[in-house]
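> I'd like to go over a predicted model; first the sequence, then the structure.
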Amino acid sequence: MKKIAFLLVLCALISLLPACSSNAPNGVVNVYNWGENIDESIFKDFQKKTGIKVNYKTYQSNEQLYAVLKQGGVNYDVIIPSDYMISRMIEEDMLEKIDFANVPNIANIDPQYLNQAFDPANEYSVPYTWGVTGIIYNTAVIKDEITDWDALFNEKYKGQILQFDNSRDAFSTALFYLGYDANTTDKSEIDKAYDLLLKQKPLLQGYYMDEMYDKLESGEAAIGAYYAGDALQMMANNEDLRFVIPASGSNWFIDAMCIPKGAVNKENAEAFINFMCETEICLKNMDVTCYATPSRTAYEALPSEIQQNEVMFPSSEILNKCQIFINLPFDTLDYYSKLWTALKS
Amino acid sequence: MNRKRISTVPYVIWMALFVVIPLLLIVVYAFTTKDGGFSLENFSELGSYTAVFIRSIVLALTATVICLVIGYPVSYILARESASFQRISNMLIMLPMWINFLLRTYAWMSILENTGMINRFLGKIGVLALLGVDHIQLINTNGAVILGMVYNYLPFMILPIFSVIQRLDRSLIEAAQDLGATGFQVFTKVIFPLSLPGVLSGITMVFVPSISTFAISKLLGGGTSLLLGDLIEMQFLGGAKNPYLGSAISLIMMIMVMVCMLIMNRFGEGEEEAVML
């Protein structure tokens, strides 16, 4: 009996080890991405074309990605953080400069997504997807027309509201509602946002991330703030759901591919990034993730009804009202952490 | 070195690498600030999390008591059944543990939700209409969190108690009966005291994972009432990256658990050593 148990444990341990040997002639590339954020069949296409095998893992939030990299002992070649996290990683010297000679497909990317504030010289990142944060709600339950952030703080929807389970996004809903800059470092403004979130807490069903899919699709909850691409995936599964970009503005986010410092397979990483910018691949990927592609060539190849989909490709009028998160100074981040822990406990 | 010694080497290395060193790291981190200096600052901050500590202890204690109340009779009855029945029921008790813990908790989520199985069933048979409500709030309550703990950890209560009662010397019970003890007396004076080691290890094995649980409170409690496990997880992987504070909380929790176990062992003194699985 003991022997069997020992063997079982051994097998379990062996299965935990990463695949050390592989039959890929040109080595591997270790990709670390958001959950539900890629068409995984692309890995096969990539291996067929380049002979490089993709090892794939996912994370739930920028903060988790940061924590994992900071703790060390991991070995990723491509990561896909969002704007503000990219600038934080650049500041803390956690990213490798990309050799753009190996990424000629960067020419496909629409210049409006390049050289953004988070990477002004565009040395470290290649845009992967973009979108806006908005409010997703169930029209079968909520008969009023939702237009702005106040809906998330409305007593009327008590017990039906979902809030982000990460500090930056959760605080931004309150900051936008109060009309403040989402990148504010003014503690009194952050305090007011905290008070508002504290008042919102009894109205909430809970703080969630990926669980929102289930809760909103099944009708368990009626309203919540989430990302446009994920909202589109949910809307495909429940026709009553609707997504609005709040009138007073919202967060415009860009997720971009980066190479962490000390990546072992840097050239393979660049090959992978280059491959992800191919028009065909962008289109294929979009079908699954529902996130807007930053590739101009891919956008032009889309049928016009998708091009005009305001959730996926909001007009520049709307985008002008939206704000890209930038990295916050260290003591503001610290303050966020404290308030966030206090809010949730 | 003799053969026996050599065969323990892998275990010692394993323990050193994955138990002792991490524990030391936690202790070092707990007394460090972000700038790397020695300080007690992390512990002075703990005061603001008193509510979380109390909530965790209360919920874990409640879950442990419920497990004991349910688990003891089950083990007692089971121990008197035939061997084949015992084998089958033991397997059935273990069976849920073959399925991933998170999956099982997700399943409870869809059972307890406002539009979940229970509420839909109550709606179908007209109970909800009778009460004049559209759902009964089951999920996102402390009750749901306790239910999750009891469900997940009940086998850890049943199995040690069962194995102790099963191995009781039948002649002691017969002797008690011969000496005129009633059935109730046999239980309170003989069987229960002799089964205490199993009860104690059952309590430990339920209480310790309950107090450090995370994910259950997030999935069944909605993440609005944090437990210690969640608080620690937040400091290491979540939005509030502060491994120093996280280590301090972990350290305090370990001390609490150790104190509990010491007290428990006191109770068990003079009994046979606690039987672990």
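Alright, I've got the coordinates.
> Against A:I306, how distant is the closest residue to chain B within chain A?
Nearest residue of chain A to chain B, counting by C-beta to the nearest C-beta: A:G206, 2.8 Å away. Where C-beta positions appear, they are placed from N, C-alpha and C, glycine not excepted. For A:G206, the distance to A:I306 (C-beta to C-beta, to the nearest Å) stands at 33 Å.
> Compare these two (neighbour count), which wins?
When A:G206 is set against A:I306 and neighbours are counted by other C-beta atoms under 10 Å in any protein chain shown, the residue ahead is A:G206, at 24 against 12.
> which residues does that one bridge with?
Here A:G206 sits in beta bridges with A:L162, as judged by DSSP bridges.
> And the pLDDT for it?
At A:G206, the pLDDT value in this model is 92.
> I figured it hits B:T224, correct?
Yes. Taking contacts as C-beta atoms under 8 Å, A:G206 lies within contact range of B:T224: 5.8 Å.
> list residues touching both of those two?
Common neighbours of A:G206 and B:T224, using C-beta atoms under 8 Å, 6 or more residues apart in numbering or on different chains, are B:N140.
> circling back to that earlier point, show the contacting residues for the residue of chain A closest to chain B.
A:162-163, B:140, B:218, B:221-224.
> now do 6 Å
B:140, B:222-224 (C-beta atoms under 6 Å, 6 or more residues apart in numbering or on different chains).
> Please enumerate the helices of the stretch 201-345 of chain A.
In the stretch 201-345 of chain A, helices defined by DSSP state H, counting those that start in this stretch lie at A:212-217, A:228-237, A:266-276, A:279-289, A:296-301, A:304-307, A:316-321, A:330-344, listed in chain order.
> for chain B, what are the nearby residues on chain A?
Within chain A, the positions lying close to chain B (C-beta under 6 Å from any C-beta of the partner chain) are A:63-64, A:67, A:165-167, A:205-207, A:219-220, A:337, A:340-341, A:344-345.
> let's see it at 8 Å
Neighbours of chain B within chain A, by C-beta under 8 Å from any C-beta of the partner chain: A:61, A:63-64, A:66-68, A:70-71, A:159, A:165-168, A:201, A:204-208, A:211, A:214, A:218-220, A:336-338, A:340-342, A:344-345.
> ok, which stretches of chain A are strands?
In chain A, the segments counted as strands under DSSP state E are A:28-34, A:53-59, A:78-79, A:95-96, A:126-138, A:161-164, A:204-208, A:223-227, A:241-244, A:252-257, A:259-260.
> so what does the longest one touch, helix or strand wise?
Strand A:126-138 is packed against strand A:223-227, helix A:228-237, strand A:241-244, strand A:252-257, helix A:266-276, with contacts defined by 3 or more C-beta pairs under 8 Å, 6 or more residues apart in numbering or on different chains; DSSP states H and E.
> In JSON lines, list the ones you listed along with distance to B:F184.
Shown next, in JSON lines, are those (distance: least, C-beta to C-beta, whole Å):
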{"stretch": "strand A:223-227", "distance to B:F184": "56"}
{"stretch": "helix A:228-237", "distance to B:F184": "59"}
{"stretch": "strand A:241-244", "distance to B:F184": "61"}
{"stretch": "strand A:252-257", "distance to B:F184": "68"}
{"stretch": "helix A:266-276", "distance to B:F184": "73"}
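> Could you export these to JSON lines, including columns for mean neighbour count and mean pLDDT?
Shown next, in JSON lines, are these (neighbours: other C-beta atoms under 10 Å in any protein chain shown; pLDDT from 0 to 100):
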{"stretch": "strand A:223-227", "mean neighbour count": "24", "mean pLDDT": "95"}
{"stretch": "helix A:228-237", "mean neighbour count": "20", "mean pLDDT": "93"}
{"stretch": "strand A:241-244", "mean neighbour count": "19", "mean pLDDT": "96"}
{"stretch": "strand A:252-257", "mean neighbour count": "24", "mean pLDDT": "96"}
{"stretch": "helix A:266-276", "mean neighbour count": "22", "mean pLDDT": "96"}
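> how about these, which one is nearest B:V145?
Closest to B:V145 of the helices and strands packed on strand A:126-138, according to C-beta to C-beta: strand A:223-227, at 21.7 Å.
> Next up, phi/psi of residue 94, please.
All of this is about chain A. phi -110, psi 0 (degrees, to the nearest 10).
> thinking it is in contact with A:P260, fair?
Yes. With contacts counted by C-beta under 8 Å, A:M94 reaches A:P260, the gap being 6.1 Å.
> Find residues that contact each of these two.
A:L69.
> wait, what's in contact with the residue positioned nearest the centre of chain B?
By C-alpha atoms, centre = their mean, chain B has its centre lying nearest to B:V206, at 2.4 Å. For B:V206, the contact set (C-beta under 8 Å, 6+ apart) comprises B:63-64, B:67-68, B:149, B:153-154, B:156-157.
> quick one: which of these sit in helices?
B:63-64, B:67-68, B:149, B:153-154, B:156-157 (DSSP state H).
> quick one: which of those residues is nearest to chain A?
For the ones in helices among the contacts of B:V206, the nearest to chain A is B:F156 (16.8 Å; C-beta to the nearest C-beta).
> Pretty sure that closest one sits against B:P209.
Yes. Using C-beta under 8 Å, B:F156 is in contact with B:P209, at 7.5 Å.
> out of everything not next to it in sequence, what's closest to whatever residue of chain B ends up closest to chain A?
For chain B and chain A, the shortest gap (C-beta to the nearest C-beta) falls at B:G222, measuring 2.8 Å. Closest residue to B:G222 in three dimensions, ignoring its sequence neighbours and counting by C-beta to C-beta, 6 or more residues apart in numbering or on different chains: A:G206, at 2.8 Å.
> What separation is there between the one you found and A:E239?
24 Å.
> for B:P193, same thing?
As judged by C-beta to C-beta, B:P193 and A:E239 stand 64 Å apart.
> picking that back up, okay, the ones in helices among the contacts of B:V206 in TSV with distance to chain A, neighbour count and pLDDT next?
Listed next are the ones in helices among the contacts of B:V206 as TSV, based on distance: C-beta to the nearest C-beta, whole Å; neighbours: other C-beta atoms under 10 Å in any protein chain shown; pLDDT from 0 to 100:
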residue	distance to chain A	neighbour count	pLDDT
B:A63	19	28	97
B:T64	22	24	96
B:C67	24	26	97
B:L68	27	17	97
B:M149	18	27	95
B:Y153	21	23	94
B:L154	22	21	95
B:F156	17	22	95
B:M157	21	29	96
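> got those as a markdown table, with distance to B:V52 columns?
Shown next, in a markdown table, are those (distance: C-beta to C-beta, whole Å):
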| residue | distance to B:V52 |
| --- | --- |
| B:A63 | 16 |
| B:T64 | 18 |
| B:C67 | 22 |
| B:L68 | 25 |
| B:M149 | 16 |
| B:Y153 | 20 |
| B:L154 | 25 |
| B:F156 | 24 |
| B:M157 | 25 |
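> ok, A:G229 - contacts?
By C-beta under 8 Å, 6+ apart, the neighbours of A:G229 are A:129, A:131, A:289-292, A:312.
> Could you list the low-pLDDT ranges of chain B?
B:1-2, B:238-240, B:268-277 (pLDDT under 70).
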